[in-house]
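**Q** next come a sequence and a model predicted from it.
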Amino acid sequence: MRPLRRGRRARLAGVADALSCALAVTAAGHVAVNARRLRVPPPGAPVRERVSVLLPARDEAARIGPAVRALLASTGLDDLELVVYDDASSDGTGERARAAAAGDHRARVIADTREPPPGWLGKTWACHQLAQAASGTILIFVDADVTVEPDALARTARLLRSAALDLVSPYPRQMAGSPAERLVQPLLQWSWLALLPLRWAERTRRPSGAAANGQLLCVDAATYQRAGGHAAAGVRGHVLEDIALLRAVKAAGGRGGVADGTEIATTRMYDGWAQLRDGYAKSLWAAGGTPAASAAQVGLLAFVFVWPAARAAAGSRLALAATLAGVAGRWLAARRTGARRWPDCAAHPVSIVLFGYLTGLSWARHRTGTARWKGRPVRVGQVPGECATPPATGGTAAPWPG
């Protein structure tokens, strides 16, 4: 009996190796296709419309000055308006923003000491206040930790119009310093390059087709208002407000998605393990929508990219091929988005394991109410009857939040 059982286990393992290899090769091929189809913000003639650049900031004293100066140095915009929202900062963020603007008539700083009302998260409240104060026909939301090239805003606005989109978010190049950052940050772009058909995602209204990045997000002002903006019921209390906003825009009849911002903007989201852990722990639960959906996402990724590595170590040639396909997909994504390639891509299975850990931690903190960010507790669904969490079928197609 034992030889029969061993033979059956070997056959099942062989079937699993073949399936994981097929999925890993498919994912790598999809990265290659998406890398060629990914929209790039184009250079061109100056943008004539009034463009409102909206910068939410809370305790960003170290970053706000360079951010404001870079935004005001933008080229290719005939009519630029910059509005900074100082969200109850305690480190002099507002004063440094005013100093950086140096009296430029195009810039103003709104200082607010209020906490967000019930049902709102800090960033959605800040973005809503900024949009209320804006007067442009194009709104561009930019985070304080994003460094833009002089032509970044003009190229972003030009892409919005030339591609006939209502919302577009060029993904900045993600800078990573520590080992944890190098393992995790490249998964941001890899996830949607590997798992999301980009042209379909722009058109579809299905929640699973939404991918966006609030670090640099451009939206048509009229569509934003029609969709309810950050005040929409499904947006204001959503921890992934960028994806929720795109869903609201699509529900209002709009089109949109991600683009390649590698050439026009860079950012370092987190500095070291502690910031990275807390940053993803506050939001990864929302990428799945339910514990079961998150577990399925992690399980599928582990089967496709971790199982083969373990089996390859045991001598399976098919599993080795699957492992190499996973690394190749990661390498293609890194080459396309300006991320470090070697040896980081070879650690792709380790990256997936770390993603699984962060997802579990995120659910634990969400369930216990211990998630915090920028000194505030991250609580959603505070308004009776409001669903801030996406339904089980409404998670992002890519398991990593934008």
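**A** Okay, I see it. Here the structure is a predicted model, which is why all the values come from computation and not from measurement.

**Q** any idea how far residue 32 is from residue 68?
**A** 39 Å (C-beta to C-beta, to the nearest Å). Heads up, the C-betas are built off the backbone N, CA and C, glycines and all.

**Q** which one's more surrounded, those two?
**A** The neighbour count for residue 32 versus residue 68, taken as other C-beta atoms under 10 Å, is higher for residue 68 (26 against 17).

**Q** is it true that the more buried one touches residue 57?
**A** No. In this structure residue 68 lies outside contact range of residue 57 using C-beta atoms under 8 Å: 9.2 Å.

**Q** ok so residue 55 is a helix residue?
**A** No. Assigned with DSSP: H, G, I helix; E, B strand; the rest coil, residue 55 falls outside any helix and is strand.

**Q** I'd assumed residue 146 was in contact with it.
**A** No. Contact criterion C-beta under 8 Å: residue 55 and residue 146 do not qualify, at 9.3 Å.

**Q** if I look at the two, which residues touch both of them?
**A** residue 67 (C-beta atoms under 8 Å, 6 or more residues apart in numbering).

**Q** circling back to that earlier point, who touches both of residue 68 and residue 57?
**A** With C-beta under 8 Å, 6+ apart, residue 68 and residue 57 have common neighbours 84, 97.

**Q** and stretch 149-158, average pLDDT?
**A** In this model, stretch 149-158 has a mean pLDDT of 97.

**Q** check stretch 287-301 too.
**A** The model assigns stretch 287-301 a mean pLDDT of 90.

**Q** got the CA coordinates for it in PDB?
**A** Provided in PDB are the C-alpha atoms of stretch 287-301 (Å, rounded to 0.1, in the frame of the first residue of the first chain):
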ATOM      1  CA  ALA A 287      -7.700  44.600  -1.400                       C
ATOM      2  CA  GLY A 288      -9.600  41.300  -0.900                       C
ATOM      3  CA  GLY A 289     -12.800  42.600   0.700                       C
ATOM      4  CA  THR A 290     -13.400  39.500   2.800                       C
ATOM      5  CA  PRO A 291     -11.000  37.200   4.700                       C
ATOM      6  CA  ALA A 292     -12.000  34.300   2.400                       C
ATOM      7  CA  ALA A 293     -11.200  36.400  -0.700                       C
ATOM      8  CA  SER A 294      -7.800  37.500   0.700                       C
ATOM      9  CA  ALA A 295      -7.000  33.900   1.700                       C
ATOM     10  CA  ALA A 296      -7.900  32.800  -1.900                       C
ATOM     11  CA  GLN A 297      -5.600  35.500  -3.300                       C
ATOM     12  CA  VAL A 298      -2.700  34.600  -1.100                       C
ATOM     13  CA  GLY A 299      -3.300  30.800  -1.700                       C
ATOM     14  CA  LEU A 300      -3.300  31.200  -5.500                       C
ATOM     15  CA  LEU A 301      -0.100  33.300  -5.500                       C
END
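
**Q** in that stretch, what counts as buried?
**A** Within stretch 287-301, the residues scored as buried using 16 or more other C-beta atoms under 10 Å are 287-290, 293-294, 297-298, 301.

**Q** how about stretch 140-152?
**A** 140-149, 151-152.

**Q** and the end-to-end length of it?
**A** End-to-end distance for stretch 140-152, by C-alpha to C-alpha, to the nearest Å: 11 Å.

**Q** heads up, I number from 503, so please use that
**A** Sounds good: first residue 503 from here, last item stretch 642-654.

**Q** and it, how far out from the chain's middle?
**A** Relative to its parent chain, stretch 642-654 has a centroid offset of 15 Å by C-alpha atoms, centre = their mean, to the nearest Å.

**Q** start to end distance for stretch 542-554?
**A** So stretch 542-554: terminal residues 21 Å apart, C-alpha to C-alpha.

**Q** again, but for stretch 617-630
**A** End-to-end for stretch 617-630, by C-alpha to C-alpha: 13 Å.

**Q** who touches that stretch?
**A** 556, 558-560, 587, 589-590, 643, 716, 731-733, 737-741, 743, 875-876, 878, 880, 882, 884-885, 888, 890.

**Q** hmm, try it at 7 Å
**A** Outside stretch 617-630, the residues that touch it by C-beta atoms under 7 Å, 6 or more residues apart in numbering are 556, 558, 560, 587, 589-590, 643, 731-733, 737-739, 741, 743, 876, 878, 880, 882, 884-885, 888.

**Q** fine by me, we can end here.
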